[in-house]
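Asker: Dropping a prediction and its sequence here:
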Amino acid sequence: MAPKKVSESVTIMTELVLPNHTNQLGNLLGGQLMHWIDICAALAAARHSQRVCVTASVDRIDFHHPVKLGDAVTLSASVNRVFNTSMEVGVKVYAESFRLGKRIHTNTAYLTFVSVGDEGKPVQAFPVVPETEDEKRRFEEALQRRESRLLNK
């Protein structure tokens, strides 16, 4: 299988926070954001593997700042590393208030996806090649997170 560049998996989604996405304080519900993160990450994994990919695990989602009603939420996902049939996808989330003219990094998430074949069984994914220094850093950190996951299994 020919390796693919990290940049080939980049997926960007933008969502508008509407009233049905918020809690009583006017903040984006964590579960709604997790739903968007899962979709964006699944698309990046599928783009990389050229197959349907299913969520195997969610390592962590860090909530740095609340996201408010009316904000635009931009999610950027890419494959960090491939481990045979599974791959780690990183997602960065930014909230933008048009009214205030501010854009802030609000969340980071790491998810593991598995490529599945026509019978629904795991299949080997294309290796990934990091090119930039940031991609190389994320590539190395993905291995550390995987080792930690396997130790805690």
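Answerer: That came through fine.
Asker: Work out which residue lies at the spatial centre of this protein.
Answerer: Taking CA atoms, centre = their mean, the centroid of the chain lies closest to Val91, which sits 3.2 Å from it.
Asker: That one: what's it in contact with?
Answerer: By CB atoms under 8 Å, 6 or more residues apart in numbering, Val91 lies in contact with Ile37, Cys40, Ala41, Leu75, Ser76, Ala77, Asn107, Thr108, Ala109, Tyr110, Leu111. Quick note: C-beta positions are derived from backbone N, CA and C, even for glycine.
Asker: next one: Gly117
Answerer: Residues near Gly117 by CB under 8 Å, 6+ apart: Arg51, Val123.
Asker: let's have the chain start at 2 instead
Answerer: Okay, using 2 as the starting number, the last item reads as Gly118.
Asker: how near is it to Arg146?
Answerer: 26 Å (CB to CB, to the nearest Å).
Asker: Can you read off the pLDDT for Asn85?
Answerer: Note for Asn85: predicted pLDDT of 91.
Asker: I meant Asp60, not that one.
Answerer: pLDDT, Asp60: 87.
Asker: Next, it: phi, psi?
Answerer: phi -70, psi -50 (degrees, to the nearest 10).
Asker: buried sites along the lowest-mean-pLDDT helix or strand in the chain?
Answerer: Across the helices and strands of the chain, mean confidence by mean pLDDT, DSSP states H and E is lowest for strand 53-64: a mean of 91. Neighbour counts over strand 53-64 (16 or more other CB atoms under 10 Å) mark Cys54, Ala57, Ile62 as buried.
Asker: and the residue lying closest to Ser50 once chain neighbours are set aside, what helix or strand is that in?
Answerer: Counting by CB to CB, 6 or more residues apart in numbering, Ser116 is the residue found nearest to Ser50 once chain neighbours are left out, at 4.1 Å. Using DSSP states H and E, Ser116 sits in strand 103-117.
Asker: On the C-terminal side of that strand, identify the next helix or strand.
Answerer: strand 129-130.
Asker: What is that next one packed up against?
Answerer: strand 5-6, strand 73-84 (3 or more CB pairs under 8 Å, 6 or more residues apart in numbering; DSSP states H and E).
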